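Asker: from the sequence below, what's the structure:
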Amino acid sequence: MDGNIPYLSVVIPFYNEEESVGIVCSEVSEALTAHQDLSWELVMVDDGSTDRTLQVVDELARGCGSFQALHLSPNSGQSAALEAGFRAARGEMIATLDGDGQNDPGDIITLLDKMEKTQVHMMCGIRRKRSDNVCAAYRAS
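Answerer: A predicted model of the protein is given here:
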């Protein structure tokens, strides 16, 4: 990491996702470098993975100055991984993505633009289509 403070920090927790880490991080880099006026960093948090996720995260961090690797041990859960990433993040703005590749990193730019136009301090996106078996709909009683 260089001494310059980025505008945006993207925090991604990974747990046993060695196959998606490289793809997700490449997609983030591609989406954000397309906006040359945007300074950013990627904080990859390995949440005590038992596969090769730790090694892949470290390799990516060594290969790119905008990438930072953190490691939790033992596995502590997504909330703890996000908190660790938030503490390490240096950006004025923070965005999060899941490590499974189901989020489009290009949506970060859309959300940032909307935040600047509406002058809000927080915004979230909702994934309309899931590729796993988690139920995303809840009904108030």
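Asker: I figured residue 90 hits residue 40, correct?
Answerer: No. In this structure, residue 90 is not within contact of residue 40 by C-beta atoms under 8 Å, at 10.3 Å. Yep, even glycine has a C-beta here, placed from its N, CA and C like the rest.
Asker: run through this protein and note the low-pLDDT ranges.
Answerer: 1-3, 127, 129-141 (pLDDT under 70).
Asker: in it, which helix is the longest?
Answerer: Criterion DSSP state H: the longest helix present in the chain is helix 18-33.
Asker: tell me where the protein has strands.
Answerer: Along the chain, counting by DSSP state E, strands occupy 8-14, 40-47, 67-72, 93-96.
Asker: overlap in contacts of residue 90 and residue 40?
Answerer: Listed contacts common to residue 90 and residue 40 are 6, 9; contacts here mean C-beta atoms under 8 Å, 6 or more residues apart in numbering.
Asker: neighbour count winner among these two?
Answerer: Taking other C-beta atoms under 10 Å, residue 90 and residue 40 do not tie; residue 40 has more neighbours (20 against 16).
Asker: which one is that one nearest to, not counting chain neighbours?
Answerer: What sits nearest to residue 40 in space, not counting adjacent residues and going by C-beta to C-beta, 6 or more residues apart in numbering, is residue 8, at 4.2 Å.
Asker: quick one: contacts for that neighbour?
Answerer: 32, 38, 39, 40, 41, 91, 92, 93, 94, 95, 108, 112.
Asker: list buried residues within those residues.
Answerer: Buried members of those, counted by 16 or more other C-beta atoms under 10 Å: 32, 38, 40, 41, 91, 93, 94, 95, 108, 112.
Asker: could you check how far the second one is from residue 85?
Answerer: Summarising the geometry, the distance separating residue 38 from residue 85, computed by C-beta to C-beta, to the nearest Å, is 19 Å.
Asker: tell me who's in contact with residue 128.
Answerer: Residue 128 neighbours (C-beta under 8 Å, 6+ apart): none.
Asker: next up, phi/psi of residue 38, please.
Answerer: In terms of degrees, to the nearest 10, the main-chain angles of residue 38 are phi -100, psi 120.
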